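*Asks:* Return a 3D structure for these sequence lines:
(chains A, B, C and D)
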2 protein chains.
Amino acid sequence: MKISQGVEWGLHCATLLALAPPDRVVRRDRLAAHYGLPEAYLAKHLQAMARAGVLHAVPGPRGGYRLGREAARITVLDVVEAVEGSTPPFLCQEIRQRGTGALPPDQCRRPCAIHATMTAADQAWRASLRTVTIADLVARLPAGVRERNEKIVS
Amino acid sequence: MKISQGVEWGLHCATLLALAPPDRVVRRDRLAAHYGLPEAYLAKHLQAMARAGVLHAVPGPRGGYRLGREAARITVLDVVEAVEGSTPPFLCQEIRQRGTGALPPDQCRRPCAIHATMTAADQAWRASLRTVTIADLVARLPAGVRERNEKIVS
DNA sequence: GTCCGTTTACTCGGATAGTCGCTGTCCGAGTTGTTAGGG
DNA sequence: CCCTAACAACTCGGACAGCGACTATCCGAGTAAACGGAC
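*Replies:* Here you go, the predicted structure:
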């Protein structure tokens, strides 16, 4: 189990974009340079976020990215699902219905306890990520960093 | 983000081993056949679980596996960490200290808000998995299955 | 009949190839600002 | 001087290689039981 680094990149970029004035776009190369990231690869994740509606991409000269909606309405979970995809991390293979000890389908109408336990843990994980928004991340920036980054994206 | 199928295999096998009488070992090929799994690959996960103390391996003829301790004292999280390893799923790369917008190390003594949020979600996930034990999984087996599987492993 | 040593067969353990998804990169489609020409 | 139309440059979007981790497998080390022989 591992979370791709694209999630971290996307969250940092979203936090930075939240400091820009409304209707102000930031170019991709500026985001990449600010965090020392490979621009071409960062593009892949920003695309995914734009497809999910978390970001809004503006093409052409004077183009760039801005948040898809207000920062307080974008949760960390939204960014994670946009980058990683929303496929559940645990895929039950129903091995209880395979092999010599296979159970008849009649007794497998309900998900097995293992599946239920894993799903409950996943729900807890997502619920935790849902309680934090991009606006909260901005509020927790160290003193002075917010003002400095606001000037950079203006 | 994806959880390896070995976790599911390990949990099912542990649930089955919990039905065996104390000090009774079950051979590896019987576990594999019961769930229709490739024995050689299942061995890799059982090894990992034995190394973590979740299972106890008995070599030689009449050998096999049994639980490392009573089922009520083995949590689902123990099995997950034994199979997947205990490396945290989110590795902060501290990109805030890289690139043109790099922050001085003085302002990075505390983990960033993103890191803290991810860690909190991971803690919630683990806490959820810690509340369920192998004994609980056994208790939630469908009616009749427990008795049938008890006969198989006896 | 009992004890001991050897043999034997069976079990788990670590080392070895194959495959899928994340990582990293490139070039093309689309759009806007510019600029030159004409009225 | 103003309008129009073509041009050009810049931006994002999707398609193309590289690498690490999970998947799958094999053979060797170790052990307990069984068997045969000696006492």
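*Asks:* What is the neighbour count of A:Ala121?
*Replies:* By the criterion of other C-beta atoms under 10 Å in any protein chain shown, A:Ala121 has 25 neighbours. In short, each C-beta sits where N, CA and C put it, glycine included.
*Asks:* distance of A:Gly85 from A:Gly6?
*Replies:* 11 Å (C-beta to C-beta, to the nearest Å).
*Asks:* Name the residue in the two with the higher neighbour count.
*Replies:* The residue with more neighbours, out of A:Gly85 and A:Gly6, is A:Gly6; 21 against 12, by other C-beta under 10 Å.
*Asks:* Make sure the more buried one is actually in contact with A:Gln47.
*Replies:* No: if you go by C-beta atoms under 8 Å, A:Gly6 and A:Gln47 don't touch, sitting 10.7 Å apart.
*Asks:* which element is A:Leu46 on?
*Replies:* Per DSSP states H and E: A:Leu46 is located in helix A:39-51.
*Asks:* Pull out the buried positions in that helix.
*Replies:* For helix A:39-51, burial by neighbour count (16 or more other C-beta atoms under 10 Å in any protein chain shown) applies to A:42, A:45-46, A:48-50.
*Asks:* now stretch A:129-145
*Replies:* Within stretch A:129-145, the residues scored as buried using 16+ other C-beta under 10 Å are A:129, A:132-138, A:140-142.
*Asks:* cool, stretch A:147-154 as well?
*Replies:* Of the residues in stretch A:147-154, A:149, A:153 count as buried by neighbour count, 16+ other C-beta under 10 Å.
*Asks:* is that stretch up against chain B anywhere?
*Replies:* Yes: Stretch A:147-154 lies within reach of chain B by C-beta under 8 Å from any C-beta of the partner chain, at A:149, A:152.
*Asks:* again with stretch A:99-116
*Replies:* Yes: judged by C-beta under 8 Å from any C-beta, stretch A:99-116 comes into contact with chain B through A:99-103, A:107, A:110, A:113-114, A:116.
*Asks:* Low-confidence ranges, chain A, go.
*Replies:* Along chain A, no part satisfies pLDDT under 70.
*Asks:* ok, which stretches of it are strands?
*Replies:* In chain A, the strands defined using DSSP state E lie at A:55-58, A:64-67.
*Asks:* Redo those strands as TSV? Include mean neighbour count.
*Replies:* Listed next are the strands of chain A as TSV, based on neighbours: other C-beta atoms under 10 Å in any protein chain shown:
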stretch	mean neighbour count
strand A:55-58	18
strand A:64-67	20
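*Asks:* For B:His56, which of the ones you listed is the nearest?
*Replies:* Within these, the stretch nearest B:His56 is strand A:55-58; the backing value is 51.9 Å (C-beta to C-beta).
*Asks:* Wondering if that closest one reaches DNA strand D at all.
*Replies:* Yes: judged by C-beta under 7 Å from any atom of the strand, strand A:55-58 and DNA strand D are in contact via A:57-58.
*Asks:* Tell me which of the buried residues of stretch A:129-145 fall in helices.
*Replies:* A:129, A:134-138 (DSSP state H).
*Asks:* re earlier: tabulate the buried residues of helix A:39-51 (TSV), appending distance to DNA strand C.
*Replies:* Shown next, in TSV, are the buried residues of helix A:39-51 (distance: C-beta to the nearest atom of the strand, whole Å):
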residue	distance to DNA strand C
A:Leu42	8
A:His45	8
A:Leu46	11
A:Ala48	11
A:Met49	14
A:Ala50	14
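*Asks:* Closest to chain B out of the residues you listed?
*Replies:* A:Leu42 (10.5 Å; C-beta to the nearest C-beta).
*Asks:* contacting residues for the residue of chain A most remote from its centre?
*Replies:* With distances taken from the mean C-alpha point of chain A and given as C-alpha atoms, centre = their mean, the most distant residue is A:Thr100, at 42.1 Å. Contact analysis of A:Thr100 by C-beta atoms under 8 Å, 6 or more residues apart in numbering or on different chains lists B:33-34, B:36.
*Asks:* if I look at A:Arg98, how far off is DNA strand D?
*Replies:* In this view, A:Arg98 and DNA strand D are 13 Å apart by C-beta to the nearest atom of the strand, to the nearest Å.
*Asks:* I am assuming that residue contacts B:Tyr35, so please confirm or correct that.
*Replies:* Yes: the pair A:Arg98 / B:Tyr35 is scored as a contact, 6.1 Å apart, by C-beta under 8 Å.
*Asks:* What parts of chain A come near DNA strand C?
*Replies:* Counting by C-beta under 7 Å from any atom of the strand, chain A sits next to DNA strand C at A:4-6, A:38, A:40-41, A:43-44, A:59-62, A:84-85.
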